[in-house]
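K.L.:
got a predicted structure plus its sequence, pasted below:
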Amino acid sequence: EPEVTQTPSHQVTQMGQEVILRCVPISNHLYFYWYRQILGQKVEFLVSFYNNEISEKSEIFDDQFSVERPDGSNFTLKIRSTKLEDSAMYFCASSVWGASGNQPQHFGDGTRLSIL
Amino acid sequence: GEDVEQSLFLSVREGDSSVINCTYTDSSSTYLYWYKQEPGAGLQLLTYIFSNMDMKQDQRLTVLLNKKDKHLSLRIADTQTGDSAIYFCAESMEAAGNKLTFGGGTRVLVKP
(Lines give C-alpha, C1' and ligand atoms only; values in the text may rest on other atoms or scores of the structure.)
Protein backbone atom coordinates (compact mmCIF):
# COMPACT_ATOMS: atom_id res chain seq x y z
CA GLU A 1 0.00 0.00 0.00
CA PRO A 2 1.40 3.43 -0.89
CA GLU A 3 2.54 5.47 2.07
CA VAL A 4 3.75 8.91 3.07
CA THR A 5 7.50 8.95 3.75
CA GLN A 6 9.22 11.43 6.05
CA THR A 7 12.92 12.09 6.54
CA PRO A 8 14.81 12.25 8.76
CA SER A 9 13.14 10.25 11.51
CA HIS A 10 14.99 12.30 14.14
CA GLN A 11 16.61 15.71 13.75
CA VAL A 12 18.69 17.40 16.44
CA THR A 13 19.42 21.09 15.87
CA GLN A 14 20.90 23.97 17.81
CA MET A 15 18.53 26.78 18.74
CA GLY A 16 18.58 29.54 16.14
CA GLN A 17 19.50 27.22 13.29
CA GLU A 18 17.35 26.57 10.25
CA VAL A 19 15.86 23.13 9.77
CA ILE A 20 14.13 21.53 6.80
CA LEU A 21 11.84 18.56 7.29
CA ARG A 22 11.11 16.49 4.22
CA CYS A 23 8.10 14.51 3.11
CA VAL A 24 7.23 12.45 0.06
CA PRO A 25 3.43 12.31 -0.16
CA ILE A 26 1.51 9.48 -1.84
CA SER A 27 2.06 9.91 -5.57
CA ASN A 28 -1.46 10.68 -6.81
CA HIS A 29 -2.34 12.90 -3.85
CA LEU A 30 -2.74 16.62 -4.41
CA TYR A 31 -3.42 17.97 -0.91
CA PHE A 32 -0.60 18.18 1.59
CA TYR A 33 -0.49 18.99 5.29
CA TRP A 34 1.86 19.46 8.21
CA TYR A 35 0.91 18.81 11.83
CA ARG A 36 2.94 18.77 15.00
CA GLN A 37 2.63 17.06 18.36
CA ILE A 38 4.50 18.49 21.32
CA LEU A 39 5.22 15.77 23.87
CA GLY A 40 2.15 15.11 25.98
CA GLN A 41 -0.08 17.44 23.96
CA LYS A 42 -2.61 17.10 21.15
CA VAL A 43 -1.72 16.79 17.49
CA GLU A 44 -2.02 20.34 16.09
CA PHE A 45 -2.64 21.48 12.54
CA LEU A 46 0.03 23.73 11.06
CA VAL A 47 -0.70 24.21 7.36
CA SER A 48 -2.47 22.79 4.32
CA PHE A 49 -1.20 23.16 0.75
CA TYR A 50 -2.83 22.67 -2.62
CA ASN A 51 -1.99 23.71 -6.15
CA ASN A 52 1.30 25.27 -5.01
CA GLU A 53 -0.40 27.52 -2.51
CA ILE A 54 -1.13 27.52 1.20
CA SER A 55 -4.87 26.95 1.57
CA GLU A 56 -5.11 27.21 5.35
CA LYS A 57 -2.66 27.87 8.18
CA SER A 58 -2.92 27.98 11.95
CA GLU A 59 -1.72 30.64 14.38
CA ILE A 60 1.32 28.47 15.08
CA PHE A 61 2.45 28.81 11.46
CA ASP A 62 4.08 32.22 11.76
CA ASP A 63 6.77 33.90 9.65
CA GLN A 64 9.38 31.45 10.92
CA PHE A 65 7.66 28.64 9.05
CA SER A 66 7.41 28.04 5.32
CA VAL A 67 6.41 25.18 3.06
CA GLU A 68 7.47 24.30 -0.43
CA ARG A 69 6.91 21.69 -3.09
CA PRO A 70 10.28 21.98 -4.81
CA ASP A 71 9.60 19.24 -7.34
CA GLY A 72 6.92 16.74 -8.29
CA SER A 73 7.47 14.47 -5.32
CA ASN A 74 8.75 16.33 -2.23
CA PHE A 75 6.93 18.56 0.23
CA THR A 76 9.08 20.40 2.78
CA LEU A 77 8.59 22.33 6.00
CA LYS A 78 11.25 24.87 6.85
CA ILE A 79 11.70 26.50 10.23
CA ARG A 80 13.99 29.51 9.77
CA SER A 81 15.34 30.15 13.25
CA THR A 82 14.41 27.34 15.60
CA LYS A 83 13.34 27.90 19.18
CA LEU A 84 13.28 25.47 22.09
CA GLU A 85 9.48 25.34 21.89
CA ASP A 86 9.68 24.02 18.32
CA SER A 87 10.76 20.66 19.75
CA ALA A 88 7.98 18.27 18.73
CA MET A 89 7.05 15.40 16.45
CA TYR A 90 6.17 16.78 13.02
CA PHE A 91 3.78 14.80 10.85
CA CYS A 92 3.23 15.18 7.13
CA ALA A 93 -0.05 14.03 5.58
CA SER A 94 -1.56 13.90 2.11
CA SER A 95 -4.98 13.29 0.62
CA VAL A 96 -6.73 13.02 -2.71
CA TRP A 97 -9.97 14.51 -3.98
CA GLY A 98 -12.69 11.91 -4.59
CA ALA A 99 -16.27 11.90 -5.81
CA SER A 100 -17.54 12.78 -2.34
CA GLY A 101 -14.99 15.48 -1.68
CA ASN A 102 -11.65 15.45 0.06
CA GLN A 103 -10.66 11.96 1.08
CA PRO A 104 -9.02 10.95 4.39
CA GLN A 105 -5.53 12.15 5.13
CA HIS A 106 -2.76 9.58 5.28
CA PHE A 107 0.11 10.30 7.64
CA GLY A 108 3.81 9.61 7.63
CA ASP A 109 5.68 8.21 10.64
CA GLY A 110 6.83 11.69 11.65
CA THR A 111 10.11 13.49 12.25
CA ARG A 112 11.09 14.02 15.86
CA LEU A 113 12.68 17.47 16.07
CA SER A 114 14.82 18.18 19.13
CA ILE A 115 16.09 21.72 19.64
CA LEU A 116 19.06 22.11 22.00
CA GLY B 1 -13.42 27.20 17.96
CA GLU B 2 -13.33 23.48 17.41
CA ASP B 3 -12.60 21.19 20.33
CA VAL B 4 -12.40 17.41 20.47
CA GLU B 5 -12.26 15.53 23.77
CA GLN B 6 -11.50 11.93 24.66
CA SER B 7 -11.00 9.97 27.83
CA LEU B 8 -7.34 9.32 28.60
CA PHE B 9 -7.16 5.62 29.25
CA LEU B 10 -9.01 2.35 28.69
CA SER B 11 -8.05 -1.09 29.98
CA VAL B 12 -9.71 -4.16 28.46
CA ARG B 13 -9.24 -7.91 28.58
CA GLU B 14 -8.24 -9.77 25.44
CA GLY B 15 -11.32 -11.06 23.63
CA ASP B 16 -13.65 -8.44 25.12
CA SER B 17 -15.03 -5.47 23.20
CA SER B 18 -13.48 -2.03 23.62
CA VAL B 19 -15.46 1.16 23.28
CA ILE B 20 -13.60 4.44 22.90
CA ASN B 21 -15.61 7.63 23.15
CA CYS B 22 -15.12 11.09 21.72
CA THR B 23 -17.05 14.35 21.88
CA TYR B 24 -16.68 17.31 19.57
CA THR B 25 -18.08 20.81 19.53
CA ASP B 26 -18.32 21.91 15.92
CA SER B 27 -21.56 20.84 14.26
CA SER B 28 -20.24 21.73 10.80
CA SER B 29 -17.80 18.81 10.76
CA THR B 30 -17.63 17.09 7.40
CA TYR B 31 -15.89 13.85 8.35
CA LEU B 32 -14.95 12.23 11.65
CA TYR B 33 -11.97 9.92 11.86
CA TRP B 34 -10.27 7.37 14.05
CA TYR B 35 -6.50 7.06 13.88
CA LYS B 36 -4.28 4.56 15.70
CA GLN B 37 -0.77 5.31 16.90
CA GLU B 38 1.53 2.54 18.06
CA PRO B 39 4.73 3.38 19.99
CA GLY B 40 7.27 5.16 17.79
CA ALA B 41 4.99 5.05 14.76
CA GLY B 42 2.87 7.53 12.84
CA LEU B 43 -0.88 7.96 12.70
CA GLN B 44 -2.57 5.06 10.99
CA LEU B 45 -6.03 5.74 9.55
CA LEU B 46 -8.40 3.14 10.96
CA THR B 47 -11.78 4.27 9.75
CA TYR B 48 -13.88 7.35 9.16
CA ILE B 49 -17.51 8.35 8.88
CA PHE B 50 -19.23 11.07 6.90
CA SER B 51 -21.19 13.42 9.10
CA ASN B 52 -24.56 12.48 7.59
CA MET B 53 -24.15 8.80 8.59
CA ASP B 54 -25.05 7.19 11.91
CA MET B 55 -22.99 4.05 11.76
CA LYS B 56 -20.21 2.40 9.83
CA GLN B 57 -18.91 -1.13 10.25
CA ASP B 58 -15.57 -2.36 8.97
CA GLN B 59 -14.62 -5.87 10.09
CA ARG B 60 -13.98 -5.67 13.86
CA LEU B 61 -14.53 -1.90 13.94
CA THR B 62 -17.89 -0.19 14.41
CA VAL B 63 -18.20 3.60 14.41
CA LEU B 64 -21.31 5.20 15.86
CA LEU B 65 -22.09 8.87 15.36
CA ASN B 66 -24.69 10.76 17.38
CA LYS B 67 -24.80 14.11 15.66
CA LYS B 68 -27.34 15.58 18.06
CA ASP B 69 -25.09 14.94 21.06
CA LYS B 70 -21.88 15.46 19.02
CA HIS B 71 -20.66 12.08 20.21
CA LEU B 72 -18.54 9.60 18.28
CA SER B 73 -17.52 6.13 19.42
CA LEU B 74 -15.29 3.37 18.15
CA ARG B 75 -16.06 -0.20 19.13
CA ILE B 76 -13.40 -2.84 18.62
CA ALA B 77 -14.82 -6.36 18.76
CA ASP B 78 -12.72 -9.27 20.06
CA THR B 79 -9.89 -6.98 21.19
CA GLN B 80 -6.41 -8.41 20.68
CA THR B 81 -3.07 -7.53 22.31
CA GLY B 82 -2.06 -5.97 19.00
CA ASP B 83 -4.83 -3.43 19.49
CA SER B 84 -2.91 -1.85 22.38
CA ALA B 85 -2.13 1.68 21.15
CA ILE B 86 -3.27 5.29 21.39
CA TYR B 87 -6.48 6.00 19.48
CA PHE B 88 -7.17 9.51 18.22
CA CYS B 89 -10.51 10.89 17.22
CA ALA B 90 -10.40 13.78 14.73
CA GLU B 91 -12.83 15.97 12.83
CA SER B 92 -12.43 17.85 9.58
CA MET B 93 -14.33 20.63 7.90
CA GLU B 94 -14.22 21.36 4.20
CA ALA B 95 -14.76 25.02 4.94
CA ALA B 96 -11.50 25.11 6.88
CA GLY B 97 -9.20 23.62 4.23
CA ASN B 98 -9.96 20.12 5.54
CA LYS B 99 -7.64 20.59 8.48
CA LEU B 100 -7.99 17.93 11.13
CA THR B 101 -8.73 18.81 14.74
CA PHE B 102 -7.59 15.99 17.02
CA GLY B 103 -8.61 14.82 20.44
CA GLY B 104 -5.92 14.14 23.00
CA GLY B 105 -5.95 10.40 22.36
CA THR B 106 -7.12 7.40 24.40
CA ARG B 107 -4.46 4.93 25.47
CA VAL B 108 -5.89 1.42 25.19
CA LEU B 109 -4.18 -1.36 27.11
CA VAL B 110 -5.24 -4.90 26.28
CA LYS B 111 -4.52 -7.42 29.04
CA PRO B 112 -4.14 -11.12 28.26
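P.N.:
Everything's here; your move. Numbers count the residues shown, from 1 in each chain, chains lettered A, B, ... in the order given.
K.L.:
wait, what's in contact with A:Glu3?
P.N.:
With contact taken as Cβ atoms under 8 Å, 6 or more residues apart in numbering or on different chains, A:Glu3 is in contact with A:Ile26, A:His106, A:Gly108. From N, CA and C alone the C-beta is placed, and that goes for glycine too.
K.L.:
from those, which are also near chain B?
P.N.:
Restricting the contacts of A:Glu3 to those near chain B by Cβ under 8 Å from any Cβ of the partner chain leaves A:His106, A:Gly108.
K.L.:
can you check the pLDDT for the most centrally placed residue in chain A?
P.N.:
Per Cα atoms, centre = their mean, the C-alpha nearest to the average position across chain A is that of A:Trp34, at 2.9 Å. Turning to A:Trp34, the model gives it a pLDDT of 97.
K.L.:
that one touches A:Glu68, doesn't it?
P.N.:
No - counting by Cβ atoms under 8 Å, A:Trp34 does not reach A:Glu68; the two are 11.4 Å apart.
K.L.:
what does the helix or strand hosting A:Phe49 contact?
P.N.:
Using DSSP states H and E, A:Phe49 maps to strand A:43-50. Applying Cβ under 8 Å, 6+ apart, the external contacts of strand A:43-50 come out as A:30-38, A:54-58, A:60-61, A:65, A:67, A:69, A:75, A:77, A:91, B:43, B:88, B:90, B:97-102.
K.L.:
what are the pairing partners of it, and which direction each?
P.N.:
With DSSP bridges as the test, strand A:43-50 is paired with strand A:31-37 (antiparallel), strand A:53-57 (antiparallel).
K.L.:
list the contacts of the closest residue to B:Arg13 other than its chain neighbours.
P.N.:
Spatial nearest neighbour of B:Arg13, excluding adjacent residues (Cβ to Cβ, 6 or more residues apart in numbering or on different chains): B:Lys111 at 5.4 Å. Contact analysis of B:Lys111 by Cβ under 8 Å, 6+ apart lists B:Ser11, B:Val12, B:Arg13, B:Glu14.
K.L.:
same question for A:Gly16.
P.N.:
Going by Cβ under 8 Å, 6+ apart, A:Gly16 touches A:Ser81, A:Thr82.
K.L.:
how about the residues of chain A near chain B?
P.N.:
Residues of chain A lying close to chain B (Cβ under 8 Å from any Cβ) are A:4, A:6, A:31, A:33, A:35, A:41-45, A:48, A:55-56, A:58, A:91, A:93, A:95, A:100-102, A:104-110.
K.L.:
go again using 7 Å as the cut-off
P.N.:
Proximity of chain A to chain B (Cβ under 7 Å from any Cβ of the partner chain) is limited to residues A:31, A:42-43, A:45, A:48, A:55-56, A:91, A:101-102, A:104-110.
K.L.:
good, wrapping up.
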